[in-house]
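K.L.:
predicted model, plus sequence, below.
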Amino acid sequence: MLDSTRNVSLEMGACKANPYDVLLKDASENPKAYLITDENGAYQVVIPNLTDACGVGEVVFNNKRSLDTLIISYTVGNVTECMCITDHFFNIDPLDADIKFLNHWGTVYEVVPGPVPGDQSFSDSSATQAASLINAECKDVLAKSAASNENLLSDALDPVTENRRVAIRSAEDEKIDRIYIDDVYVICGSVIEEINVTASNDTLYVDPKIISKLDSSGPVPDCLCPTLVSFNIERTSKFSNANYLVYQNDLVMPLENR
């Protein structure tokens with residue numbers, strides 16, 4: 001049963017530089033919000049990495065509490081035209097510091113104690129390294145049956161989990177991880193010369209340099225080749241803690257350990 005309206009206000013953190021961090025984060029990913037206190041000891045619940053306007057004004061709340069869940073809804077005015085990724089800080093009443101869940105526009109977040117993980121801007125927290133032992137294997141699916149395609153990766157590296165595209169991270173040794181990204185479409189006759197990988201918050205951003213090895217005087221193949229891309233990266237905390245992968249600023253997928 002809903003009780004009376006709760007006192008809540010909103011503060012928004014600084015815009016973060018890259019919009020891909022939250023493309024796959026929704027209610028199905030068991031999202032979390034974080035209970036913290038500000039410098040004055042007031043309680044805040046933080047939802048990190050929300051897509052929102054760069055700035056809002058005239059926020060009018062209509063919030064309720066149901067048992068252990070705080071239900072937040074509001075309208076805003078003076079919304080900027082630009083969009084960005086930002087952390088949302090909800091200042092809550094001390095009476096609500098015992099909540100276990102936060103319902104924000106239909107997405108239910110589990111409320112856990114802070115601090116907020118990755119609580120830095122993209123520029124401050126990112127790290128980049130060049131991949132090694134790059135391999136890009138064209139699968140040529142037209143020449144293979146569905147059954148033979150199952151052998152392109154071992155069962156341990158099957159890239160499909162419950163019909164979701166995923167990237168795979170597998171330990172090569174105690175210092176090196178190998179990343180597998182299946183079904184990347186590359187123009188026939190092209191090769192991936194190098195790959196730079198940036199780790200920011202819980203996401204790896206994979207930026208391949210693709211060049212053509214074809215004779216420019218001849219006809220250019222009008223085809224795309226479904227390709228299994230794999231490479232090695234050094235295992236560091238920033239890279240090994242990533243849960244998502246973005247390939248060429250386009251393909252976005254969870255990153256799973258196998």
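P.N.:
On my side now, so go ahead.
K.L.:
now do the strands in the stretch 151-258 of the chain.
P.N.:
160-161, 164-165, 167-171, 176-187, 190-200, 203-212, 224-234, 244-247, 251-257 (DSSP state E, counting those that start in this stretch).
K.L.:
for the fifth one, packing partners?
P.N.:
What that stands for is strand 190-200. Here strand 190-200 touches strand 127-130, strand 132-138, strand 203-212, strand 224-234, helix 237-240, going by 3 or more C-beta pairs under 8 Å, 6 or more residues apart in numbering; DSSP states H and E. The way it works is simple: take the backbone N, C-alpha and C, and place the C-beta from them, glycine included.
K.L.:
list the strands paired with the first one, with their directions.
P.N.:
Paired strands of strand 127-130, with direction, are strand 190-200 (antiparallel) (DSSP bridges).
K.L.:
report pLDDT for Lys16.
P.N.:
Here the pLDDT value assigned to Lys16 is 54.
K.L.:
my error: substitute Ser145 in the last question.
P.N.:
Ser145 is given a pLDDT of 34.
K.L.:
contacts only, for Leu50.
P.N.:
If you count contacts by C-beta atoms under 8 Å, 6 or more residues apart in numbering, Leu50 has them with Val22, Ile85, Thr86, Asp87, His88.
K.L.:
tell me the one of the residues you listed nearest Thr69?
P.N.:
Checking the contacts of Leu50 against Thr69 by C-beta to C-beta gives His88 as the nearest, at 17.2 Å.
K.L.:
how near is the closest one to Met253?
P.N.:
Separation of His88 from Met253 (C-beta to C-beta, to the nearest Å): 25 Å.
K.L.:
over to Cys138?
P.N.:
The separation that Cys138 has from Met253, given C-beta to C-beta, amounts to 20 Å.
K.L.:
and those two? Which one has more around it.
P.N.:
Remark: of Cys138 and Met253, Met253 carries more neighbours, 19 against 14, as counted by other C-beta atoms under 10 Å.
K.L.:
thinking again about what came up before, in a markdown table, list the contacts of Leu50 along with pLDDT and secondary structure.
P.N.:
Formatted as a markdown table, the contacts of Leu50 follow (pLDDT from 0 to 100; DSSP: H, G, I helix; E, B strand; the rest coil):
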| residue | pLDDT | secondary structure |
| --- | --- | --- |
| Val22 | 40 | coil |
| Ile85 | 75 | strand |
| Thr86 | 78 | strand |
| Asp87 | 84 | strand |
| His88 | 87 | strand |
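K.L.:
fine, thanks again, bye for now.
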